[in-house]
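Asker: fold the following for me, if possible:
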Amino acid sequence: MTIDPILSLVLACCGLFMAGLFLGRWMQPTPKPGADPEEPVDDAGLFCGWDGLSVDERRQRLALYQRRVRARIAEQERAWLQARLREYAKG
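Answerer: The predicted structure follows:
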């Protein structure tokens, strides 16, 4: 007889938990289809509102930041190589 109330309580808690998950997903704002992930112009803009972002959005912004850093490094290396080539061509 004591198992029935305990089992009912566990099922009710699981149901409330699942309802909370469903409502959390349903209430979450959906990304705009025309929204560009590269919308922030500077790197500091990528990290604005970081705490309010989902895990997937954080990963996307970190990947974007990583691509920007790699592009900057490649540009710096390209400029360095061109300067070195000019030095060798001169003398």
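Asker: what's the helix or strand bottoming out on mean pLDDT in the chain packed up against?
Answerer: Counting by mean pLDDT, DSSP states H and E, the weakest-scoring helix or strand in the chain turns out to be helix 43-46, with a mean of 79. Counting contacts by 3 or more C-beta pairs under 8 Å, 6 or more residues apart in numbering; DSSP states H and E, helix 43-46 packs against helix 55-90. C-beta coordinates here come from the backbone N, C-alpha and C atoms, glycine included.
Asker: repeat that for 6 Å
Answerer: Applying 3 or more C-beta pairs under 6 Å, 6 or more residues apart in numbering; DSSP states H and E, we find helix 43-46 packed against no helix or strand.
Asker: show me this protein divided up by domain.
Answerer: Residue ranges of the domains in the chain are recorded as 1-30, 33-91, according to automatic domain parsing.
Asker: including mean neighbour count, could those domains go into TSV?
Answerer: Below are the domains of the chain laid out as TSV (neighbours: other C-beta atoms under 10 Å):
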stretch	mean neighbour count
domain 1-30	9
domain 33-91	10
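Asker: what's the distance between the residue nearest to the spatial centre of the chain and residue 67?
Answerer: Of all residues in the chain, the one closest to the mean position by C-alpha atoms, centre = their mean is residue 58, 1.8 Å from it. For residue 58, the distance to residue 67 equals 15 Å [C-beta to C-beta, to the nearest Å].
Asker: okay, and for the chain, where does confidence drop off?
Answerer: Across the chain, the ranges flagged by pLDDT under 70 are 1, 29-41.
Asker: re earlier: ok, for the residue nearest to the centre of the chain, nearest residue in space, not its chain neighbours?
Answerer: If the residues on either side of it in the chain are set aside, residue 58 comes closest to residue 50, at 7.0 Å by C-beta to C-beta, 6 or more residues apart in numbering.
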